[in-house]
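Engineer: what's the 3D shape of this:
(one chain, ligands or ions: 1)
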Amino acid sequence: MGIGIKILGTGTYFPKKILNNKDLEKIVDTSDEWIISRTGIKERRISSKSELTSDLAYEASKKAIKSAKLTNEQIDLIIVTTITPDMPFPATACLLQRKLGIKSIPAFDISASCSGFIYGLATAKAFIESGLYKTVLLVSSEELSKITDWDDRSTCILFGDGAGAMVLTASYKTNDCLSIFLGSDGIYSELLFLPGGGTAFPTSKNTVSQNLHKIKMQGNKIFKHAISKMVFAAKKALMLASKKKDDIRFFIPHQANIRIIESVAKKIGVSINNFFINITKTGNTSSASVITALDEAIKNGTVKNGDLVELIAFGSGLTWGAAVLRI
Ligand code: ACO
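Structural biologist: Reported below is the predicted structural model:
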């Protein structure tokens, strides 16, 4: 066999501050009952003003490197996935590299919204399989709270902050990454976007007064696309791995809305009990969602050594992806 992928360790970090639905009732016209019944979310974590995306990434990375039983110096490449970087440039991956004290290795960011972790996984896999780099630190870190419109009740109830990390290395004996399937369709880019601050609308007094630096979303349309694309991606990745749905011990979906997850489970033909769900306490943390859920499932014993899991994600772009992994 050629070069395979071995997952050495994972780690998660959530900011300490909890914002629950009752707190949101004081900010916008909503109710705990509406949010739980329409989304499944009870609370989410919110970073402090001084706590940056790279700080969350740093804490998750330390845990992943420790669980991999490696030192920082054994990492060859850093990939960060985020749509909420510390700043437009340099890459948050470089800022993380500085915090980890690792010198002279490549570090870059990937922007693929909520599908970011699976896009990052595909990138890490390609680098490892090509023989270019041996050990990759892949981190998905997000602070959605800082781009959320706190006056918009249809979006501010959904998002939260958090970071998850994975350390992967080359192996000639095993291959823990059985398949990856990715897709995107830019025609729907305006269903979920942040228009301000780029070359389309460079930051100005106007863009700020029009709130263009905050998330804009057409929730209903996103909802429908999310279900169909997640089902499509999940089936494709299973096929590419030559596995059946019953071979999968747990499905780890992007935690965007409990109703989306329930619908995806139904359409794939799998019991919801085989879907790992932690949205209740995290909200939607974009690209950090699947890796933090996977880490929790590993750490609490839901997923055990040797189990097959399927990650399934969907996000703005639109982007989507799925991956079959052996834990
Ligand atoms: N509290 C109370 N009422 C609300 C709230 C709220 N927080 N938000 C909306 N409503 C109202 C609306 O105003 C509307 O009222 P009306 O009928 O009087 O006009 C009513 O509830 C129904 O609104 P809908 O938008 O149809 O509600 P829906 O059931 O679709 O739920 C939601 C909205 C939760 C946003 C849903 O559409 C959703 O989850 N969509 C997917 C969003 C998503 O996953 N986004 C992330 C993708 S991943 C990424 O890339 C970040």
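
Engineer: pLDDT weak spots in the stretch 1-150 of the chain?
Structural biologist: Of all residues in the stretch 1-150 of the chain, those with pLDDT under 70 make up the ranges 1.

Engineer: which stretches of it form strands?
Structural biologist: 4-13, 17-20, 43-46, 77-81, 107-110, 135-143 (DSSP state E, counting those that start in this stretch).

Engineer: count residues in the vicinity of K216, would you?
Structural biologist: 17 (other C-beta atoms under 10 Å). The C-beta positions use only the backbone N, C-alpha and C, and glycine is treated the same way.

Engineer: same thing with the one 4 residues further on?
Structural biologist: By other C-beta under 10 Å, the residues close to N220 number 9.

Engineer: other SSEs contacting the strand or helix carrying it?
Structural biologist: If you go by DSSP states H and E, N220 is part of helix 219-240. Helix 219-240 is packed against strand 177-184, helix 258-268, strand 308-315, strand 319-326, with contacts defined by 3 or more C-beta pairs under 8 Å, 6 or more residues apart in numbering; DSSP states H and E.

Engineer: could you list the buried residues of that helix?
Structural biologist: Counting neighbours by 16 or more other C-beta atoms under 10 Å, one finds that the buried residues in helix 219-240 are 222, 225-227, 229-238.

Engineer: near the ligand at all, it?
Structural biologist: Yes. Helix 219-240 comes into contact with the ligand (C-beta under 6 Å from any ligand atom), by way of 219-220, 222-223, 226.

Engineer: from E310, how far out is the spatially most central residue of the chain?
Structural biologist: Residue closest to the mean C-alpha point of the chain, counted by C-alpha atoms, centre = their mean, is S287 at 2.1 Å. Per C-beta to C-beta, to the nearest Å, S287 is found 17 Å from E310.

Engineer: alongside the ligand, which residues does the stretch 101-250 of the chain contribute?
Structural biologist: 113-114, 153-154, 157, 192, 217, 219-220, 222-223, 226.

Engineer: the residues you listed: which two are farthest apart?
Structural biologist: The distance between the two most remote of those (C-beta to C-beta) is 21.6 Å, for S113 and R153.

Engineer: quick revisit: which one of the strands of the stretch 1-150 of the chain is the most hemmed in?
Structural biologist: strand 135-143 (a mean of 30; mean count of other C-beta atoms under 10 Å).
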